[in-house]
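Asker: I need the structure of the sequence given here:
(2 chains)
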Amino acid sequence: MPLPSKPILIPIPHLRSPRRLLAVAALAATLGAGAQTIPPAQPPQAPQAPQPPQAQQTPPTGFNRNLIVLDPAHGGPNIGTQISDHLLEKDVTLAMAVRLRALLAARGFTVVLTRGNDTALSTDQRAELANRTHAVACLVLHATASGTGVHIDTALPAAAPTTPGAPLRWDDAQAAYLTQSQRLADQIGAAMNRSQVPLVSGHAALRPLDNLMCPAVSIELAPLALDGSDPIPVTNPSYQQHVDAAIAGALIFWRNQAQPPAIPAPHTTAPTTPTTAGGPQ
Amino acid sequence: MIPRYQKILFSILLTGILLMGTILFYEHKRAEDRLAAAHDATPIAAPADASTETIPLDLANDADGSITAVERQLALPEEPSVRARALLERLLAEYALPKSAHPLASGAAVDDVFLLKLPISSPTPQAATGATKAAASESRSASESGRPGHSHGELAVINLRGSFVDKHPSGVTVETLTLDSILGTLHANFPEITQVRFLVDGQPHDTLAGHIDLTRVYPVGDTTRSAQGTPTPDQTSAPTNAAGDPQ
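Answerer: Take a look at the predicted model:
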């Protein structure tokens, strides 16, 4: 919706002069703020063949600093890792997301879950949902029976567009945010170190991490192996609570540190072969 | 006052206990080694007509996420693609050892390794096989789009066995370590290989074990990293993503 160029005159007859001035100022501020979030009109484009989900056509002017996207990986027929005889990764990630959502909500965040129940979503659907929110952080949650502690991964390095109007591939949507993603991973990693949770960090070729247009990390929960004792399973509530509390604490710091990337307006190309619901997570 | 005969008897009994304890410990150790050897899937006999040489392998560790370069004495064939296949089989057999830090199931893992010169020229549609057609289209699109990657050197197409993929542990880090271990070992032994693409039973496959993307073309580089996942300075890991290309 294009904004009018002339100021809007709205009669406010019942207010005295100082209140009236305040109300007008508040209205102007509201309209001004709205102008920052509304993208400019796009030139008409040539009709194209129907395409799978696309990332936004213009980069966000800023993050919603109170919004976090949690993506509990897998779901539906895509069970993920068989952690034990009766335990599936999709259930662990969902439980972890719900617990983390409560912790983040208590700290004043608005939390969007890509799935709140055992539904199947493709990685492209998850990325599309997350990219619409302009979240300050996107966390992709996984669980495994291998390794120990918490594994934090960011997307593999890719070429970010450097010239205005350069095409941005769907698979490189994360490229412009990779520096911020690495800082977010460092922030969460530092919180894990403070919480005495073993940490393994690195890069992973993992969907939908590559397709997210926000600071994004994958957090994989593994059993906690301490010296001289049996490993604590990923289902241990106090272990999960401990890890979730560390993540929530890190995100409070991150809320004020995140910097939107300065990227030229991309022309995002969508994948020609969308990932199926049972595809990679 | 303890009689002398009791002291002698006590000494004899104590000596007997110590002796039996030593024998028991020794026998236990032997039985343990015997069991471990029974589960050892390492190839026993080397090719008779090849001399052994020192081969670097990049071995992964699940506990700290590290990849460490180690050296092994191996006898490998001369022909490059057969050599690459034997090398990868040997690498993955290391992970099937009982005390492996990155345990994988034993058994054959690699069906074939194909080495293709880059840039790949498009074959005629009739002559193109599925694997070469996919590799050619991806290599072409990577060079056309100006994305990072190498249009020189060789592309290695690694055809993994479905049984290996089915039995591979599932998880982001464990799958990443397997791939990085393969890429790093290839880089250390075949400097001319600049890109790697994976197939499973001759077909493109979405993921290794549910997480890590196998549809992209991976650049080859040094993947060794210390504990805590800190990459070494010369690590190169910018993939050429080819998922959006027709296959």
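Asker: and the helices in chain B?
Answerer: B:4-38, B:80-94, B:130-144, B:162-167, B:172-189 (DSSP state H).
Asker: make TSV from those helices and add mean pLDDT to it.
Answerer: As requested, the helices of chain B are exported to TSV (pLDDT from 0 to 100):
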stretch	mean pLDDT
helix B:4-38	92
helix B:80-94	92
helix B:130-144	48
helix B:162-167	92
helix B:172-189	93
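Asker: what residues does the stretch 1-150 of chain A have near chain B?
Answerer: Residues of the stretch 1-150 of chain A lying close to chain B by CB under 8 Å from any CB of the partner chain are A:H74, A:N78, A:G80, A:T81, A:Q82, A:E89, A:H142, A:T144, A:A145, A:S146, A:G147, A:T148. The C-beta positions use only the backbone N, C-alpha and C, and glycine is treated the same way.
Asker: now a ChimeraX select for only the buried ones of these.
Answerer: In ChimeraX, the members of these classed as buried (16 or more other CB atoms under 10 Å in any protein chain shown) are selected with the following command:
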select /A:74,78,80,81,89,142,144,145,146,147,148
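Asker: between the residues of the stretch 1-150 of chain A next to chain B, which is closest to A:I219?
Answerer: Checking the residues of the stretch 1-150 of chain A next to chain B against A:I219 with CB to CB, the nearest one is A:H142 at 7.0 Å.
Asker: need phi/psi at that closest one.
Answerer: phi -130, psi 170 (degrees, to the nearest 10).
Asker: how about it, what does it touch?
Answerer: Taking CB atoms under 8 Å, 6 or more residues apart in numbering or on different chains as the criterion, A:H142 is in contact with A:73, A:80, A:89, A:93, A:151, A:218-221, A:281, B:171-172, B:211.
Asker: that older thread, out of the helices of chain B, which comes closest to chain A?
Answerer: Chain A lies closest to helix B:172-189 among these, at 4.1 Å (CB to the nearest CB).
Asker: which strands or helices does the closest one pack on?
Answerer: Using 3 or more CB pairs under 8 Å, 6 or more residues apart in numbering or on different chains; DSSP states H and E as the contact criterion, the neighbours of helix B:172-189 among helices and strands are strand A:150-155, strand A:199-204, strand A:216-221, strand B:53-61, strand B:66-74, helix B:80-94, strand B:193-200.
Asker: can you redo the ones you listed as JSON lines with mean neighbour count?
Answerer: What follows is the helices and strands packed on helix B:172-189, written out as JSON lines (neighbours: other CB atoms under 10 Å in any protein chain shown):
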{"stretch": "strand A:150-155", "mean neighbour count": "27"}
{"stretch": "strand A:199-204", "mean neighbour count": "25"}
{"stretch": "strand A:216-221", "mean neighbour count": "28"}
{"stretch": "strand B:53-61", "mean neighbour count": "18"}
{"stretch": "strand B:66-74", "mean neighbour count": "16"}
{"stretch": "helix B:80-94", "mean neighbour count": "20"}
{"stretch": "strand B:193-200", "mean neighbour count": "22"}
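Asker: closest one to A:Q259 among the ones you listed?
Answerer: Of all those, it is strand A:216-221 that lies closest to A:Q259, at 14.8 Å by CB to CB.
Asker: quick one: strands adjacent to that closest one?
Answerer: When sheet partners are counted by DSSP bridges, strand A:216-221 sits next to strand A:135-143 (parallel), strand A:150-155 (antiparallel).
Asker: tell me the helix or strand right after it.
Answerer: Where DSSP states H and E defines the elements, the next helix or strand beyond strand A:216-221 is helix A:237-257.
Asker: buried residues in that next one?
Answerer: Under the neighbour-count criterion of 16+ other CB under 10 Å, helix A:237-257 has A:239-240, A:242-244, A:246-251, A:254-255 buried.
Asker: apart from its chain neighbours, what residue comes closest to the residue in the stretch 1-150 of chain A that chain B sits nearest to?
Answerer: Across the stretch 1-150 of chain A, no residue is closer to chain B than A:T144, which sits at 3.1 Å (CB to the nearest CB). Beyond its immediate neighbours in the sequence, the residue positioned closest to A:T144 (CB to CB, 6 or more residues apart in numbering or on different chains) is B:G171, lying 3.1 Å away.
Asker: backbone phi and psi for that neighbour, please?
Answerer: Torsion angles at B:G171 (phi, psi; degrees, to the nearest 10) stand at phi 160, psi 150.
Asker: so where do the strands sit in chain A?
Answerer: Taking DSSP state E as the criterion, chain A carries its strands at A:64-72, A:82-84, A:87-88, A:110-113, A:135-143, A:150-155, A:167-169, A:199-204, A:216-221, A:267-269.
Asker: neighbours around B:A36, how many?
Answerer: Close neighbours of B:A36, defined as other CB atoms under 10 Å in any protein chain shown, add up to 12.
Asker: which residues touch it?
Answerer: By CB under 8 Å, 6+ apart, B:A36 lies in contact with B:P98, B:K99.
Asker: check what pLDDT A:P261 gets.
Answerer: At A:P261, the model reports a pLDDT of 75.
Asker: also B:A48?
Answerer: In this prediction, B:A48 has a pLDDT value of 59.
Asker: got it, and A:D210?
Answerer: You'll see A:D210 listed with a pLDDT of 88.
Asker: swap in B:G221?
Answerer: 85.
Asker: show me what residue of the stretch 151-281 of chain A gets nearest to chain B.
Answerer: Nearest residue of the stretch 151-281 of chain A to chain B: A:V200, at 3.3 Å (CB to the nearest CB).
Asker: may I have the beta-bridge partners of that residue?
Answerer: A:V200 has these beta-bridge partners by DSSP bridges: A:H151.
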